[in-house]
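Chemist: Only the shape, not the letters, is given here:
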């Protein structure tokens, strides 16, 4: 379960800390409120392609962080154990995108490849949209 999403200097967002509690969570808002930006940030944390256009105007980097609470028998926890990246019931993803278009990624404080983020992301989140 996604429990925390932190966004710094991404798209039009200066700084956002979104804490999510247990149970069903729905994010609603009018057109232009930023719902898609949250989904885009989560996509990048799960290994999506990034470039410098994602960085907020006037900034030199964007930083994204997500924390997930995992069940011990979950597919994600199994993946983390096999990759020797488990660190208890919480899983912390972090991604830094620099102005030259390059990015770096971490799982539980360990540097990882985007491919590893994508593999783990498939165990953590399913994103569905109206289109």
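Modeler: Noted; the coordinates are in hand. Bear in mind that the values here come from a model prediction, so they are computed numbers and not experimental data.

Chemist: Flag the helix or strand of this protein with the lowest per-element mean pLDDT.
Modeler: Using mean pLDDT, DSSP states H and E, helix 35-45 stands out as the lowest-scoring helix or strand of the chain, at a mean of 92.

Chemist: Now do that helix: which elements does it pack against?
Modeler: Other helices and strands packing on helix 35-45, by 3 or more Cβ pairs under 8 Å, 6 or more residues apart in numbering; DSSP states H and E, are strand 2-10, strand 61-69, strand 90-98. All C-beta atoms are positioned from the backbone trio N, CA, C, and that covers glycine.

Chemist: Which neighbouring elements make contact with the last one?
Modeler: Contact analysis of strand 90-98 by 3+ Cβ pairs under 8 Å, 6+ apart lists helix 35-45, strand 61-69, helix 75-82, strand 103-107, helix 114-124 as its packing neighbours.

Chemist: possible to save the ones you listed as a markdown table with distance to residue 88 and mean neighbour count?
Modeler: As requested, the helices and strands packed on strand 90-98 are exported to a markdown table (distance: least, Cβ to Cβ, whole Å; neighbours: other Cβ atoms under 10 Å):
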| stretch | distance to residue 88 | mean neighbour count |
| --- | --- | --- |
| helix 35-45 | 19 | 19 |
| strand 61-69 | 10 | 20 |
| helix 75-82 | 10 | 16 |
| strand 103-107 | 13 | 18 |
| helix 114-124 | 16 | 18 |
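
Chemist: of these, which approaches residue 15 most closely?
Modeler: Closest to residue 15 of these is strand 61-69 (Cβ to Cβ; 9.8 Å).

Chemist: neighbouring strands for that closest one, and are they parallel or not?
Modeler: Using DSSP bridges, the strands paired with strand 61-69 are strand 2-10 (antiparallel), strand 90-98 (antiparallel).

Chemist: contact partners of it?
Modeler: Residues from elsewhere that reach strand 61-69, judged by Cβ atoms under 8 Å, 6 or more residues apart in numbering: 1-10, 41-42, 44-45, 54-56, 76, 89-99, 124.
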